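> A predicted structure for the sequence below; I have some questions about it.
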Amino acid sequence: MPEPDTQARVAPRVFSFEEAVPRRRPPANGGAANSPADQLLRAMHTVKAARFNAAERLERKQLISVVALSIVSLYFVGLSVWQAVYAANLSEPANRLITLVSIMSSICTLVLALIEAMNDYKVKAHHMHSCALAVNDLLQELRLLQTNDAAVVQDFRRRYNAVVRGCPFNHARVDYLMARADPGWDKRLWAQVCYLADVYGLYGACLAGPPLVLLLFY
C-alpha cells in the first residue's frame, strides 16, 4: 500500500482556468497603454506620420515628374535633329534604331504628361500636409490633457474623424509602411524599397530606357 505522501505526489493536479490560461504581462504603466485615450493617440500618431510622409512623397514626385518629362522630351527632339542632320551618314539599321528610340521617347513623353495631368501632386501634397498638421494639433492637445474620461476621448475621436474625412485624398500604403516601420532593419529596408520604387520607379525607367536601348543595339 503506497504511502500517503506518494499518493499526493502521483495524484493529478487540477488546474483552475486562471492557471491554465497564460497571463499577459501588464504594461509598465499599469495597463494605461490599452486605454481608449492611448489607442486614439496611437492612431493619430500613425495617421499624422503617414500623411506627412505622403506630402513629402508627392512633393518629390512632382519635382521628379517635371525633370523626367523635360529630359525625355529632349531625347525625342535631340534624336530627331540627329537623324535629320546625319541621315546621309547613317546606315539603314542605325536609322531604324534611332527611329525606334525616338518613338519610345515620344511615348514616354506622352505617358508622363498624362500622369502629370491626372495626378496633381502639388495639390495632393498640400491637402496631406494640412491634414497632418490638423491631426498633430489634436494629438498634442489630447496628450496635454492626459485624461481617460470617456466623454472627452469620444469628443476627440469625433474631431479626429472629421479632420481625416475632410481631406479629399488618402495616403498610400507605402506611406503607412514608412510610418509603421519597426526599428528592425528588414522591415525598414522593405519600406524603403517600396518608397523608392513608388517615387522613382516609373520616372527612372522612362529616363534610362531610351538611352539603354540606343547604347545596347547601336
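Everything's here; your move. Bear in mind that the values here come from a model prediction, so they are computed numbers and not experimental data.
> for the chain, what spans make up the helices?
Ranges of helices in the chain, per DSSP state H, are 4-10, 17-20, 36-85, 92-118, 121-145, 150-166, 173-179, 185-217.
> which helices and strands sit right next to the third one?
This points to helix 36-85. On a contact count with 3 or more Cβ pairs under 8 Å, 6 or more residues apart in numbering; DSSP states H and E, helix 36-85 meets helix 92-118, helix 121-145, helix 150-166, helix 173-179, helix 185-217. (Glycine included, C-beta is placed from N, CA and C.)
> winner for burial among those?
helix 173-179 (a mean of 20; mean count of other Cβ atoms under 10 Å).
> Does anything pack onto that one? Which helices or strands?
helix 36-85, helix 185-217.
> now the helices of the chain in JSON lines, with mean pLDDT?
Output for these, formatted as JSON lines (pLDDT from 0 to 100):
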{"stretch": "helix 4-10", "mean pLDDT": "43"}
{"stretch": "helix 17-20", "mean pLDDT": "36"}
{"stretch": "helix 36-85", "mean pLDDT": "92"}
{"stretch": "helix 92-118", "mean pLDDT": "88"}
{"stretch": "helix 121-145", "mean pLDDT": "95"}
{"stretch": "helix 150-166", "mean pLDDT": "94"}
{"stretch": "helix 173-179", "mean pLDDT": "91"}
{"stretch": "helix 185-217", "mean pLDDT": "87"}
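> ok, back up a step: could you redo the helices and strands packed on helix 36-85 as a markdown table and give each row distance to residue 46?
Output for the helices and strands packed on helix 36-85, formatted as a markdown table (distance: least, Cβ to Cβ, whole Å):
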| stretch | distance to residue 46 |
| --- | --- |
| helix 92-118 | 28 |
| helix 121-145 | 10 |
| helix 150-166 | 11 |
| helix 173-179 | 5 |
| helix 185-217 | 13 |
